[in-house]
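> what's the 3D shape of this:
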Amino acid sequence: MFDLGISKLVMIGIVALIVIGPERLPKVAKTLGTLLGKAQRYVNDVKREVNQAMEVDELRKVKTSIEGAARDLQQTVRTHASDFQKGVNQVSSELNALDADGADQAVSPPLEELQDASKREFVSAVTPVVYAPVRKDWRARRTAVPRWYKARHQVRKNVQSDAARVARLRLPTDKELH
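Okay, here's the model as predicted:
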């Protein structure tokens, strides 16, 4: 870039003072400062836009990688589910074969119970159970100060608004008395 030292800046100032004159020099300096400020703001805006574009590109890359990981996880779950289903089908076919032979019918559970149990085991293995306690009487209003405290310290139970208090305490007019 430019190599401007103190001596060169002083030389430029003296030449500007001679050429422009002392009356117009402050206005020119102010205009020059304003133009330099606008140029710096423009350069900063361009830098900010370039940085935002780079961040958007990075976010897109992260999004594609997360989507790929989600697809891989989905595929893995599907393969494990199909393997599990094949195992259940194999066990059920073996049970059907045993039932057809008539051997040990009292000990073997029905096929539907085995399939339901296997589905429950698979679902409980895949999805965690979240316990949410039930709030009793959630509609009931709870006060911050207990009633016994209010009674002991003589806290007013029924508070009137200012308009109701004025209406209660105002003096009747002559028309109302007659």
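> which residue ranges make up the domains of the protein?
1-53, 56-93 (the TED database).
> lowest confidence element among the helices and strands of the protein?
When the helices and strands of the chain are compared on mean pLDDT, DSSP states H and E, helix 111-126 comes out lowest with a mean of 62.
> downstream of that one, the next helix or strand is which one?
Downstream of helix 111-126, the first helix or strand assigned by DSSP states H and E is helix 147-152.
> following element in sequence after that following helix, please.
Counting by DSSP H and E, the next helix or strand C-terminal to helix 147-152 is helix 162-169.
> which helices and strands sit right next to that next one?
Packed against helix 162-169 by the contact rule (3 or more Cβ pairs under 8 Å, 6 or more residues apart in numbering; DSSP states H and E) you find no helix or strand. Backbone N, C-alpha and C define where each C-beta goes, glycine included.
> now find how far off-centre that helix is within its chain.
48 Å (Cα atoms, centre = their mean, to the nearest Å).
> what does stretch 60-68 give?
For stretch 60-68, the distance to the chain centre is 19 Å (Cα atoms, centre = their mean).
> change the start of the numbering to 57 and stick with it
With 57 as the first residue, the last one maps to stretch 116-124.
> which residues does it contact?
Around stretch 116-124, nothing counts as a contact under Cβ atoms under 8 Å, 6 or more residues apart in numbering.
> model confidence over the helix or strand hosting K83, on average?
Assigning secondary structure by DSSP H and E places K83 in helix 81-157. For helix 81-157, mean pLDDT rounds to 91.
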